[in-house]
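In: here you go, sequence then predicted model.
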Amino acid sequence: MTRARTTLVLSVVLALLVGVAVYAAFATRSSGGFDEPTPLKAGAPEGLSSFYTQDLTWSDCDGGRCAWVTVPIDYDEPDGATTRLRMVVYPATGDSTRSVFVNPGGPGGSAIDFAATMKSSLGDDVRRSADVVGVDPRGVGLSSPLTCLSDKKFDAYAAGDPDPDDAAEIAASRAAGTALGEACLANSGELAAHVSTVEVARDMDVVRALLGRRTLDWFGASYGTELGAVYAELFPDKVGRMVLDGAVDPTLGPVESSFAQAQGFQRALAAYAADCVTSDDCPLGDDADAGVAKIADLMQQLDAKPLPGGSGRELTEGLAFYGVAVTLYDKETWPYLTQALTAAFKGDGSVLVALSDAYFERKPDGTYASNGGQVISAVNCLDSPGGLTLADVEKQTPRFVEESPVFGRALAFGALGCTDWPIESANPLPQIDGKGAPPIVVVGTTRDPATPYESAEALAEQLDSGVLLTRDGDGHTAYLSGNSCITRAVDSYLADGTVPKAVTTC
C-alpha cells in the first residue's frame, strides 16, 4: 500500500466496523495446565544474559497467561535504555513440549490479538503439544507503543492525496511523510530509531529463551513472513518448524515492492470485477474491464472533488484508495465493495469512508484502536532506507499506471515515502538465505493482492531450506481461508514435522 508494505485485515473486524452483525467463527478449546517456564541458563549472546534470564511475573489474561518482557532499545548498547514487550501464552491442551509463536503482519499488527484467533484455529494435533504465543512487537499494540501523530493529524495524513499532480501537491505530500517521522522522534525518542525488523527478531529470541525453548516454532502471516525470515537468518540454529504464509520478498527495493503490489491489487480487483458483473445488482455494469475503468474514473473524480462522507467528513481519493483496497484482502468482503461503489456512484462516499476507517482501525469517536497506520512507515523506512529521487519515481510511473489504472499512480508515488523519512537506520534488512535452518514452509496464494504469489516463489527460492506450498485462490494469506488442503499441510508440519511435498498446490 502507499507508504506501506502489507497489512493483515481480518474480515470480522471489518464487518463490525461497517455495522454488519457477525458471530464468533472459532470454537473455544479448554487449555491444559500452565507451568511457569524456566529460562534457559546458557546460550545468551554476549552482554545480554540479564535479558535472556530475567524473572517474569505471570498473570491470567483472556484465557491465557501474560507477562511483560524487558529488552534493550538498542542491542548495541545493552546497558542503555530499555523498552517493554507484552506477551500472551495460550497453553497447550495436552502436555506442552513446544511453543508456536504467531505474528499477523503489518508491520503494526498485534500478535496478541492474532494469538487469540490462532489458538482456536490451529489443528487439534498441533494444540495438544504446542502453546500458542503472541508477542506484540516493540512499539506495537500492548508493548510500549510508538507514539507519533495525534488522531486528528493522522486523519489528515490518511486522507492526503496519494498521487499528487503538481509541484505544490508533491511538496505537501512529501512534507507530510517527513512530519510523521519527526512526530515519532519527538514523541517516542530513541525508540523511534529502533523498531526495525532485525531488532524485533532479536526480541523474539529473548522470549524464546525465557520460555525455556531451545528452538522457535513460528507461524507468520504477511509481514510476519519477513520477520520470520529475518529470524531464520540471524538464528538459523534456533529455528524449529516455521511457516511463512502470504510471503514478502525481502530483496525487492521500494520501486519493485510497490510495483508487485500494483500487480497484486489489480489482479485482485479484476477478479472482483469479473465476479461482480455476474450479478444483477453489480454497480460496474456487465463488462468487467469497463467496470474497472469506471472505478479508475471515480478515483480521478475524487482527486478533483471529494464526495460527502458522512458525519461532516469527505471521501477523498486517499480514503477511497484504502476503502477499495481493504475489501480485496478477503473474498468474503467483496460484497462491502459492491455496497460502497453503489453508494459512491450515486454521490455518497460514506461507505468507502467507513471501509477506510476499518483499514486503519479508526473508531466512530475519531480515535484509533492501534498505531498500525503509523508504525508501518517507521518499520519499513528503517528496514529499507529510501534513496529514490522524484525523477526516479516519475520515470517509473507510466508502467505502474499501465499495470494498474486504479492503484498504479498512487503506489508509484508511495515508493518515494522513505526518501523523506528523517530517522537514520542502523539495522536495515540483511541479505536472507537462512542457511542452516530446517525446512521452512512458504505459502503463497495465486491472487493475493498485498503479497503477490511471485513474492512467495521468490522467498522460497531465496531460503536455503524453503519449501513452497501454493493455494490457488483469492484473498490475502492462505491458512485462515478455509482451504482444507492448506490447513492439513500446515497442521501436519507444525504437529509432527511432515514437510509438504515440493510443488504442492491446493
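Out: Good, I have the coordinates. The structure displayed is predicted, hence computed values, not measured ones.
In: tell me the secondary structure for the residue of the chain most remote from its centre?
Out: Distance to the chain centre peaks in the chain at Asp280, reaching 34.7 Å (criterion: C-alpha atoms, centre = their mean). Put simply, Asp280 is coil when judged by DSSP: H, G, I helix; E, B strand; the rest coil.
In: and Asp131, by the same measure?
Out: Under three-state DSSP, Asp131 falls in the strand class.
In: hang on, isn't it packed against Pro91?
Out: Yes. Here Asp131 reaches Pro91: they are 5.4 Å apart, a contact under C-beta atoms under 8 Å. The C-beta positions use only the backbone N, C-alpha and C, and glycine is treated the same way.
In: give me the phi and psi angles of the residue most central in space within the chain.
Out: Nearest residue to the geometric centre of the chain (C-alpha atoms, centre = their mean): Gly106, 2.2 Å. Backbone torsions for Gly106, taken as degrees, to the nearest 10, come to phi 130, psi -100.
In: do you know the pLDDT at it?
Out: Gly106 is assigned 92 on the pLDDT scale.
In: quick one: the residue farthest from the centre of the chain from Ala293, how far?
Out: Distance, Asp280 to Ala293, by C-beta to C-beta, to the nearest Å: 21 Å.
In: neighbour count: Asp131 and Pro91, which is higher?
Out: Neighbour tally, Asp131 and Pro91, criterion other C-beta atoms under 10 Å: the higher count belongs to Asp131, 28 against 21.
In: next, the contact list for Phe345, please.
Out: Pro283, Lys294, Leu298 (C-beta atoms under 8 Å, 6 or more residues apart in numbering).
In: go again using 6 Å as the cut-off
Out: Residues near Phe345 by C-beta atoms under 6 Å, 6 or more residues apart in numbering: Pro283.
In: kindly report the same for Pro452.
Out: Ala260, Gln263, Gly264.
In: so for the second one, what's the pLDDT?
Out: pLDDT recorded at Gln263 is 95.
In: give me the helices and strands touching the strand or helix carrying it, please.
Out: In this structure, Gln263 sits in helix 254-276 according to DSSP states H and E. Judged by 3 or more C-beta pairs under 6 Å, 6 or more residues apart in numbering; DSSP states H and E, helix 254-276 is in contact with helix 288-304, helix 390-403, helix 408-414, strand 440-447.
In: on that earlier part again, with distance to Ala42 and neighbour count added, can I get the contacts of Pro452 in a markdown table?
Out: Listed next are those as a markdown table, based on distance: C-beta to C-beta, whole Å; neighbours: other C-beta atoms under 10 Å:
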| residue | distance to Ala42 | neighbour count |
| --- | --- | --- |
| Ala260 | 42 | 23 |
| Gln263 | 47 | 20 |
| Gly264 | 44 | 26 |
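In: centre of the chain to stretch 418-428, how far?
Out: 20 Å (C-alpha atoms, centre = their mean, to the nearest Å).
In: buried residues in that stretch?
Out: Neighbour-count burial for stretch 418-428, counted by 16 or more other C-beta atoms under 10 Å, picks out Cys418, Thr419, Asp420, Trp421, Ile423, Ser425, Asn427.
In: can you list contacts of it?
Out: With C-beta under 6 Å, 6+ apart as the test, stretch 418-428 has contacts from 174, 177-178, 181-182, 185, 192-193, 196, 198-199, 381-382, 385-386, 388.
In: now do 8 Å
Out: For stretch 418-428, the external contacting residues (C-beta under 8 Å, 6+ apart) are 74, 76, 174-175, 177-178, 181-182, 184-185, 192-194, 196-199, 254, 377-378, 380-389.
In: quick one, which of the helices and strands packed on helix 254-276 is nearest to Ser356?
Out: Distance to Ser356, taken as C-beta to C-beta, is lowest for helix 288-304 among those, at 11.8 Å.
In: output the contacting helices and strands for the closest one.
Out: If contacts are counted by 3 or more C-beta pairs under 8 Å, 6 or more residues apart in numbering; DSSP states H and E, helix 288-304 sits against helix 254-276, helix 317-326, helix 334-345.
In: ok, of the contacts of stretch 418-428, which come out buried?
Out: For the contacts of stretch 418-428, buried by 16+ other C-beta under 10 Å: 74, 174, 177, 181-182, 184-185, 192-194, 196-199, 254, 377-378, 380-386, 388.
In: make TSV from the helices and strands packed on helix 288-304 and add distance to Pro405 to it.
Out: What follows is those, written out as TSV (distance: least, C-beta to C-beta, whole Å):
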stretch	distance to Pro405
helix 254-276	8
helix 317-326	12
helix 334-345	15
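In: show me which helix or strand of the protein is least confident by mean pLDDT.
Out: When the helices and strands of the chain are scored by mean pLDDT, DSSP states H and E, helix 11-17 comes last with a mean of 37.
In: which secondary structure state is assigned to the closest residue to Thr504 other than its chain neighbours?
Out: Leaving aside its sequence neighbours, Thr504 sits nearest to Leu469 (C-beta to C-beta, 6 or more residues apart in numbering; 5.3 Å). Using three-state DSSP, the structure places Leu469 in strand.
In: residues in contact with Leu469?
Out: Taking C-beta under 8 Å, 6+ apart as the test, what Leu469 contacts is Val441, Val442, Val443, Gly444, Ala478, Ile486, Ala489, Val490, Pro500, Thr504, Cys506.
In: now do it against Tyr493, distance only.
Out: Counting by C-beta to C-beta, the gap from Leu469 to Tyr493 is 9 Å.
In: could you chop this protein up by domain?
Out: 35-146+195-250+434-505, 151-190+253-420 (automatic domain parsing).
In: ranking the ones you listed by burial, who's on top?
Out: Compared across these, domain 35-146+195-250+434-505 shows the largest average neighbour count, a mean of 21 (mean count of other C-beta atoms under 10 Å).
In: so where does the residue lying closest to Asp131 once chain neighbours are set aside fall, helix or strand?
Out: Spatial nearest neighbour of Asp131, excluding adjacent residues (C-beta to C-beta, 6+ apart): Ser99 at 4.6 Å. Following DSSP H and E, the helix or strand that holds Ser99 is strand 98-103.
In: re earlier: could you point out which of the helices and strands packed on helix 254-276 sits nearest Thr57?
Out: The minimum distance between Thr57 and these falls on strand 440-447, with 33.8 Å, by C-beta to C-beta.
In: strands paired with the closest one, and their directions?
Out: Strand 440-447 has the following strand partners under DSSP bridges: strand 239-245 (parallel), strand 466-474 (parallel).
In: any chance you could map the strands in the stretch 101-250 of the chain?
Out: Secondary structure of the stretch 101-250 of the chain (DSSP state E, counting those that start in this stretch): strands at 130-135, 216-221, 239-245.
In: quick one, the second one and strand 440-447 angle?
Out: Right, strand 216-221. Per axes from the mean of the first three to the mean of the last three C-alpha atoms, to 10 degrees, the angle that strand 216-221 makes with strand 440-447 is 10 degrees.
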